[in-house]
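> Provided below for reference: sequence and predicted model.
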Amino acid sequence: MNQSVVVYTFALVFLFFVLARVRVRLQLSRAKHRSLRGHSKWSRRMARLVPFFSYDDNVFFVSDGAPPNIGQQRRLALATLEKAIKTRCAKTLTQSELLEKSVADVQFTSQYRVPFPYRTMLPQSFRLGSIADETKGSKIKDLDGNWRYDLSGSYGVNVFGYDFYKECMAQGIALTQQLGPVLGTYHPLITENVQMIKDISGLDEVSFHMSGTEAVMQAVRLARYHTGKSHLVRFCGAYHGWWDGVQPGVGNTRVTNDVYTLADESEHSLAVLATRKDIACVLINPLQAFHPNNDAPSDTALIASERSTGFNKEHYSRWLARIRKICSERNIVLIFDEVFTGFRLSYRGAQGFYGIQADMVTYGKTLGGGLPIGVVAGTHSLMKRYKAAQPANVSLARGTFNSHPYVMGAMNVFLKRIQTAEIQTQYQQSEALWNKRVAHFNQRLADEQLPLKVTNIHSILSLAYTLPSRYNWMLQFYLKNHGIELSWTGTGRLIMSFSFSDEDFNEVVECFVSAAQQMQQDAWWWQSPQLSNKAIKRQFLSDLLTAKFPSIAGLLPRPLVAYQGAQSASSKLNEANNLSKAG
């Protein structure tokens, strides 16, 4: 009898334990976003299954079901645009082609400017990157003397305009050139820099690194060290640098088991934060408010016209306040990754913009005054690298170039300049100014009946497409030909500096209007009753499965079939695949 009681008791305890584990696991599953982006391991597995296929000459121009005459019109338009770019940018393209053969980064970006099925047929001159030898104000000049308005923003570095940073760099080097590249020994300017960063961040201590990625690595390491907990939380779609410890999905070849990727703006995610005991820190990329639970918008992902961006400051501020409260209650370190947003959204970055004080903040990009830098700011308790009672228990992080004298000089000039009355006034007015400019931009697009809409968070803009299309990615090349410089990701993220005057901005708008009108005239936005975003996605999936499993081609739905002529789409895809493999 007693033995039976013991067995039953053990069974009940075991059952209770199992149910508790299941409940915790279900809670975590519910907090993940439904997309593959929210399931990092599955996204990696699925990425390896996606086959490469290429649309050949017969399909490339009519993959949306357009009739032959529209395809021919597009073919001629592409040839005309290619000729114009090759003529206007001959020196730049030649130099860029030489780089592509030797620089892995250029090889990567040249392959990922458009959705991959169009890659092979895209003219080489469209795929090559830009090379520049001069900047002025809001413009950049290539090797052929073409000046374009720069909307690449140097990936976030260029907040105040090129002239501003050239002055910071020149003055900073002048302040420190007598020391040269002495490393390990600090230049005295570092004392002023540290104090100014402490005042801006509202935190106690600072450490210097060489990039934003390194700064994030150190912040996460210190959070784990001081909390004694294992996991970090990042939100679906958020980018925190190329370190695999914060990039557990596609792009990372190492299996990462100490990261929770949760859905942004989800009650289930708050429940996970409020109950789990293994969370050391929460990483916030404040720019994610622009496209919650989605990756940064890029033209390489423009399969259809479903790009979605939008910003609600009040809503996101309340969300961050709730996270802040839970982190304080649960001994979770709240880290603001301000590598991109710091010194752009406000003088105090996202902390000032949203009214939230973080436990740690990472900075990069613009803080170096035009030179490379990464910075971590945190409380005294979180920044300490050792345990006083355990001398061998340390959290080591160094870096030979972490306080290079020239960087400290340019940083010093930058931090002092942004405290001037002129810049402080600019900060106070900039949010309303950029909202007003974007409203004007959208009005011009509406007036011209163009299928485009602009959204923004402050001075960061994104272009949405309002008609179903498989060719939205073509706009980036028309824009280049009309005087607009974009980053390799295209129209998804337009990063504008504060140096743009109203006159500059209006000229940019007219460049966009002219480019879009030309693209419209060239029939890339041709429409039919069958053409919908759903049909486009079904057609793409059908093409993908045909490439993966040719034997099932005849069983798959093909909603956009006008381009099927003498031979089936499946045989064309197979021929294209064979050609691409042979090449």
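Yep, it's here. Numbering: from 1, shown residues only.
> Residues in contact with stretch 374-387: which ones?
For stretch 374-387, contacts defined as CB atoms under 8 Å, 6 or more residues apart in numbering pick out 197-198, 201, 203-215, 218-219, 222-223, 226, 333, 339, 359-364, 367, 393-397. Backbone N, C-alpha and C define where each C-beta goes, glycine included.
> And those, which of them are buried?
Neighbour-count burial (16 or more other CB atoms under 10 Å) applied to the contacts of stretch 374-387 gives 197, 201, 203, 205-215, 218-219, 222-223, 226, 333, 339, 359-364, 367, 397.
> Tell me how far Leu541 lies from Arg398.
Distance check for Leu541 against Arg398: by CB to CB, to the nearest Å, it reads 49 Å.
> Show me which of those two is the more surrounded one.
Neighbour count, other CB atoms under 10 Å: between Leu541 and Arg398, Leu541 has more, with 13 against 10.
> Point me to the helix or strand that includes that one.
Using DSSP states H and E, Leu541 falls within helix 533-548.
> distance between that helix and the chain's centre?
Taking CA atoms, centre = their mean, to the nearest Å, one finds the center of helix 533-548 at 26 Å from the center of the full chain.
> ok, now stretch 425-444?
Counting by CA atoms, centre = their mean, stretch 425-444 is centred 22 Å from the centre of its parent chain.
> got the buried residues for the helix holding Leu541?
Using 16+ other CB under 10 Å as the test for burial, helix 533-548 gives 535-536, 538-540, 542-547.
> for stretch 49-56, same thing?
53-56.
> same thing with stretch 461-477?
Residues of stretch 461-477 classed as buried: 461-465, 468-477 (neighbour count, 16+ other CB under 10 Å).
> What of stretch 311-327?
So for stretch 311-327, counting by 16+ other CB under 10 Å, buried means 311, 316, 319-320, 323-324, 326-327.
> related to what we said a few turns ago, farthest-apart pair in the buried residues of stretch 461-477, please.
Using CB to CB, the buried residues of stretch 461-477 span at most 23.3 Å, a distance reached by Leu461 and Arg470.
> re earlier: now, which of the buried residues of stretch 49-56 sits nearest His187?
Comparing those against His187 with CB to CB places Ser54 closest, at 53.7 Å.
> pretty sure the closest one is in a helix, no?
No: with DSSP: H, G, I helix; E, B strand; the rest coil as the criterion, Ser54 is coil rather than part of a helix.
> Determine how far the last residue of stretch 96-111 lies from the first.
Stretch 96-111 has an end-to-end distance of 14 Å (criterion: CA to CA, to the nearest Å).
> residues in contact with it?
Residues outside stretch 96-111 that contact it (CB under 8 Å, 6+ apart): 119, 124, 127-131, 488.
> re the thing from before, let's see which of the contacts of stretch 374-387 end up in strands.
Secondary structure defined by DSSP state E assigns 205-209, 333, 360-364, 393-394 of those to strands.
> re earlier: and of the buried residues of helix 533-548, the nearest to Arg45?
Nearest to Arg45 among these is Leu544, at 15.8 Å by CB to CB.
> Test my guess that that closest one contacts Val50.
Yes: using CB atoms under 8 Å, Leu544 is in contact with Val50, at 6.9 Å.
> sorry, back to before: determine which two of the contacts of stretch 96-111 are furthest apart.
Arg119 and Ile131 (21.4 Å).
> Send me the one helix or strand Thr455 maps to as CSV with only the CA atoms.
Assessed by DSSP H and E, Thr455 sits inside strand 452-457. In CSV, the C-alpha atoms belonging to strand 452-457 read as follows (Å, rounded to 0.1, in the frame of the first residue of the first chain):
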residue,chain,number,x,y,z
LEU,A,452,3.6,54.9,-55.0
LYS,A,453,3.3,56.0,-51.3
VAL,A,454,6.0,57.2,-48.9
THR,A,455,6.0,56.4,-45.2
ASN,A,456,8.5,57.6,-42.7
ILE,A,457,9.9,57.6,-39.2
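> and the angle for the next helix or strand after it with helix 533-548?
Using DSSP H and E, the next helix or strand after strand 452-457 towards the C-terminus is strand 460-465. Orientation of strand 460-465 against helix 533-548 (axes from the mean of the first three to the mean of the last three CA atoms, to 10 degrees) gives an angle of 90 degrees.
> Tell me what angle strand 460-465 forms with strand 452-457.
150 degrees.
> Partner strands of strand 460-465, with direction?
Strand 460-465 has its sheet partners listed here by DSSP bridges as strand 452-457 (antiparallel), strand 494-495 (antiparallel).
> Reformat the ones you listed as TSV; add distance to Ile418, mean pLDDT and mean neighbour count.
Shown next, in TSV, are the strands paired with strand 460-465 (distance: least, CB to CB, whole Å; pLDDT from 0 to 100; neighbours: other CB atoms under 10 Å):
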stretch	distance to Ile418	mean pLDDT	mean neighbour count
strand 452-457	20	96	22
strand 494-495	18	96	22
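> Kindly present these as JSON lines, with separate columns for distance to Ser29.
Converted to JSON lines, the strands paired with strand 460-465 look like this (distance: least, CB to CB, whole Å):
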{"stretch": "strand 452-457", "distance to Ser29": "30"}
{"stretch": "strand 494-495", "distance to Ser29": "36"}
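> which one of those strands lies closest to Thr253?
strand 494-495 (29.0 Å).
> For the helix holding Leu541, name the packing helices and strands.
In this structure, helix 533-548 packs against helix 569-582, with contacts taken as 3 or more CB pairs under 8 Å, 6 or more residues apart in numbering; DSSP states H and E.
> Could I get the average pLDDT for the helix it packs on?
Averaging pLDDT along helix 569-582 gives 40.
> cool, and stretch 464-483?
With pLDDT averaged residue by residue, stretch 464-483 scores 97.
> got the end-to-end distance for it?
20 Å.
> in stretch 273-289, what counts as buried?
273, 276, 279-289.
> so of those, which ones are in strands?
279-284.
> These into JSON lines, with extra columns for pLDDT and distance to Leu36?
Listed next are these as JSON lines, based on pLDDT from 0 to 100; distance: CB to CB, whole Å:
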{"residue": "Ile279", "pLDDT": "96", "distance to Leu36": "23"}
{"residue": "Ala280", "pLDDT": "97", "distance to Leu36": "26"}
{"residue": "Cys281", "pLDDT": "97", "distance to Leu36": "24"}
{"residue": "Val282", "pLDDT": "98", "distance to Leu36": "22"}
{"residue": "Leu283", "pLDDT": "97", "distance to Leu36": "20"}
{"residue": "Ile284", "pLDDT": "97", "distance to Leu36": "22"}
